[in-house]
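1. sequence plus the predicted model coming up.
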Amino acid sequence: MAGSQIERVFNVLESLASDPHGWALQGLAEQLQIPKSATHRLLAELTRLGYVRQNPENLRYHLSTRLVALGFRYLSRSGADIVQPVLDRLARESGELVRLGVIEGDRQTWIAKSQGARSGLRYDPDMGRETPLVYTASGHAWLACMSDAEALSLVDRQALKMPADVGPNAPRDSVELLQYLRQAREQGYACVEESSAVGTSAIAAVVRHPLDGRVLGVLSIAGPTARMTRSRLHELAPTLLAFTEELSHASQASELFS
């Protein structure tokens, strides 16, 4: 994985972010496909700057909390205080996990959430993760706003490997994916049942700019299939669409959607 020095730095940070158990020097060098000596120099500089720490017991490298603090500082000043109350209200009404993904170029990233379930089964993936487009309701909702050709091209560019524990209803090829997208276009929202994982379901709809209609983000509700049955998903659709409309109007006051 060659590249400029700054590209290598970000590759190091992204690799470290992918595993909370940290990386050994040799393993990270192999992952990045750069010499061990160059990897060590990058890690030493990032450690000096406070973005990386090394566990003194097993010598594995981890991200420090400095990057996390940067992310929270950005969110606190970018209008998250406008968006979060909307997510909290939807979470209370639905009783499930609500997530907001924002669109940046050809990526959708989950950046905010609110958990409505107070007891029993909870579904709660990590924030800051790039949204898998092929097998999530959030991905389908966004892709459905494109032509079939544009959607398939974006999926190819994302090039995410299908995880081994993906749900049994995840689309296995472009034909199945396009069937999901056609249904999402007809409904005005996307639904998946046991697609991203066994025992989970979700519904998602896009948030559009109130003036030009471009897609700014995706709002979703997800939870255990035991509660989020097919009928329940469709029952939640009008509520979800009302909240996407509210976020659309709020988007002009938040830098999260700029």
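-> Structure received.

2. now residue 100, what's its secondary structure?
-> strand (DSSP: H, G, I helix; E, B strand; the rest coil).

3. any idea how far it is from residue 216?
-> To residue 216, residue 100 is 10 Å away according to Cβ to Cβ, to the nearest Å. No exception for glycine: its C-beta is placed from N, CA and C like everyone else's.

4. now do the shared contacts for those two.
-> residue 207 (Cβ atoms under 8 Å, 6 or more residues apart in numbering).

5. for the two, work out which one has more neighbours and name it.
-> Taking other Cβ atoms under 10 Å, residue 100 and residue 216 do not tie; residue 100 has more neighbours (29 against 22).

6. just give the closest residue to the more buried one, not the sequence neighbours.
-> With Cβ to Cβ, 6 or more residues apart in numbering as the criterion, residue 100 has its nearest non-adjacent residue at 4.4 Å, and that residue is residue 112.

7. give the contact list for residue 54.
-> Per Cβ under 8 Å, 6+ apart, neighbours of residue 54: 43, 47, 60-62.

8. test of understanding: give the bridge partners of it.
-> residue 61 (DSSP bridges).

9. for residue 24, see how far away it is.
-> For residue 54, the distance to residue 24 - Cβ to Cβ - is 10 Å.

10. now do residue 35
-> Distance from residue 35 to residue 24, counting by Cβ to Cβ: 15 Å.

11. quick one, strands of this structure?
-> In the chain, the strands defined using DSSP state E lie at 52-54, 61-63, 97-104, 107-115, 190-193, 200-208, 215-224.

12. extract the C-alpha trace of the fourth one and format it as CSV.
-> Backbone C-alpha positions of strand 107-115 (Å, rounded to 0.1, in the frame of the first residue of the first chain) are rendered in CSV as follows:
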residue,chain,number,x,y,z
ARG,A,107,-19.3,7.8,1.4
GLN,A,108,-22.0,7.6,4.0
THR,A,109,-20.9,7.6,7.6
TRP,A,110,-22.9,7.0,10.8
ILE,A,111,-22.1,10.0,13.0
ALA,A,112,-25.0,10.2,15.5
LYS,A,113,-27.4,7.9,17.3
SER,A,114,-30.0,7.6,20.0
GLN,A,115,-31.0,4.4,21.7
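
13. chain center to that strand: distance?
-> Computed by Cα atoms, centre = their mean, to the nearest Å, the chain-centroid distance of strand 107-115 equals 5 Å.

14. same check on stretch 48-59?
-> Worked out by Cα atoms, centre = their mean, stretch 48-59 lies 27 Å from the chain centre.

15. swap in stretch 219-227?
-> With Cα atoms, centre = their mean, you get 15 Å for stretch 219-227.
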